[in-house]
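In: what's the 3D shape of this:
(one chain, ligands or ions: 1)
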Amino acid sequence: MTVSIAHLGPTGTYAEAAAIAYASWLTEETGQETILCPYPSIAQTIKATAQGKANIAVVPVENSIEGTVAITLDTVWQLEILQIQQAIVLPISHALISLAPNLNTIKTVYSHPQALAQCQGWLEEFIPGVKPLAVNSTTEALQNLNQDIYAGAIASTRAAEIYHLPVLAHPINDYPDNCTRFWVLSLQPSTSGTHTSLAFSVPANVPGALLQPLQMFASRGINLSRIESRPTKRSLGDYLFFIDLEGDASQTFVQSAIAELAAYAETLKIFGSYKIFTKLP
Ligand SMILES: O=C(O)C(=O)C[C@]1(C(=O)O)C=C[C@@H](O)C=C1
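Out: Below is the predicted model of the structure:
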């Protein structure tokens, strides 16, 4: 069977690079053939996989400069049925791509909001007054860039090569060690790994509602590698808490922690246990 891997498109995105890295790993490990399936948005990538239209989704979840990719957490929470099979950390090195003769003539810069935010200091310093325009992905604007010499786009040098466009400046991210973590999601139960991701809402906004779950992890010696809050979208000030913990959900002490957490939580969702792969530059 050929494994279909959904990712944010069009071709050349960082998500596609992560999907390619996962596809090579999968083929090496299992001998399975893969096919890449680009989708116009991160939400559609995740939904297509939840609906069985693709076998796997590879989506960004957190960036070292800008933090959470909110749409990923929100969609995974809403759909509930997807499990994390693996996490992949990719270095992100942005380029300014444009047919403009020099930086001074650029009036607008297109990119994904995460990429624009990761380069905002550079943009303010080197193209002050430029208009940042958010689009669905770093590569969405590249197909039309040759129609506007006053426009630029922030994407990878790999994308510039794919679209045969010149790089005016690189790297332009505000911090050199920029990297993004991607989740590999599917409908299959996750196997095992070093980290477990879960999320919960609390029954009431009262003192200690979050302290009790956190204390429970601490008292068991379970290290949390990430905690993130997202609005429940029900009312202002009402939150969900996303936690990554160091441990495998099949370990007895993690199982008992999860059982105790269920008692504190209004709703608890477990997104699986998985390994984190770091692809070096
Ligand atoms: O637009 C892309 O190329 C993406 O893969 C999306 C995305 C993101 O959403 O964070 C992925 C990595 C970078 O952080 C910038 C953009």
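In: alpha carbons only for contacts and neighbour counts from here, please
Out: OK.
In: how's this structure carved up into domains?
Out: 3-81+179-186, 95-169, 195-278 (automatic domain parsing).
In: would you format those domains as JSON lines with distance to A87, mean pLDDT and mean neighbour count included?
Out: What follows is those, written out as JSON lines (distance: least, CA to CA, whole Å; pLDDT from 0 to 100; neighbours: other CA atoms under 10 Å):
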{"stretch": "domain 3-81+179-186", "distance to A87": "5", "mean pLDDT": "97", "mean neighbour count": "20"}
{"stretch": "domain 95-169", "distance to A87": "19", "mean pLDDT": "96", "mean neighbour count": "19"}
{"stretch": "domain 195-278", "distance to A87": "4", "mean pLDDT": "93", "mean neighbour count": "16"}
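In: in this structure, what residue sits furthest out from the centroid?
Out: P101 (33.7 Å; CA atoms, centre = their mean).
In: in JSON lines: the domains of the chain, plus distance to V89.
Out: Formatted as JSON lines, these follow (distance: least, CA to CA, whole Å):
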{"stretch": "domain 3-81+179-186", "distance to V89": "4"}
{"stretch": "domain 95-169", "distance to V89": "16"}
{"stretch": "domain 195-278", "distance to V89": "5"}
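In: any idea which helix is longest in this structure?
Out: If you go by DSSP state H, the chain has its longest helix at helix 14-30.
In: so how far is whichever helix or strand comes after that helix off the chain centroid?
Out: Tracing the chain past helix 14-30, the next element assigned as helix or strand by DSSP states H and E is strand 34-39. Centre-to-centre, strand 34-39 and its host chain are 17 Å apart (CA atoms, centre = their mean, to the nearest Å).
In: report whether the helix or strand following strand 34-39 contacts the ligand.
Out: Of the helices and strands lying after strand 34-39 in sequence (DSSP H and E), the nearest is helix 42-50. No: figure legend: helix 42-50 not in contact with the ligand (CA under 6 Å from any ligand atom); closest approach 7.6 Å.
In: could you dump helix 42-50 to CSV, C-alpha only?
Out: Output in CSV follows, covering the C-alpha atoms of helix 42-50 (Å, rounded to 0.1, in the frame of the first residue of the first chain):
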residue,chain,number,x,y,z
ILE,A,42,-3.1,23.4,8.0
ALA,A,43,-6.7,22.8,9.2
GLN,A,44,-7.6,21.1,5.8
THR,A,45,-4.5,19.0,6.1
ILE,A,46,-5.5,17.7,9.5
LYS,A,47,-9.2,17.3,8.6
ALA,A,48,-8.3,15.3,5.4
THR,A,49,-6.4,12.8,7.5
ALA,A,50,-9.2,12.6,10.2
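In: what's in contact with that helix?
Out: 6-8, 38-39, 54-59, 71-72, 75-76, 79, 81-82, 185-187 (CA atoms under 8 Å, 6 or more residues apart in numbering).
In: can you name the residues of the stretch 1-150 of the chain that neighbour the ligand?
Out: When proximity is defined as CA under 6 Å from any ligand atom, the stretch 1-150 of the chain approaches the ligand at 8, 13-15, 60, 63, 112, 114-115, 137-138.
In: picking that back up, sec struct for the residue farthest from the centre of the chain, please.
Out: coil (DSSP: H, G, I helix; E, B strand; the rest coil).
In: ok, now which ones touch G193?
Out: By CA under 8 Å, 6+ apart, the contact list for G193 reads 247-248, 273-275.
In: for it, helix, strand, or coil?
Out: Under the three-state scheme (three-state DSSP), G193 adopts coil.
In: one more: S4?
Out: Reduced to three states with three-state DSSP, the structure at S4 is strand.
In: excluding its backbone neighbours, what's nearest the residue of the stretch 51-200 of the chain found nearest the ligand?
Out: Closest to the ligand within the stretch 51-200 of the chain is S137: 3.4 Å, counting by CA to the nearest ligand atom. Spatially, and ignoring its direct neighbours in sequence, S137 is nearest to H112 (4.5 Å; CA to CA, 6 or more residues apart in numbering).
In: and A263, how far from the ligand?
Out: A263 sits 34 Å away from the ligand, going by CA to the nearest ligand atom, to the nearest Å.
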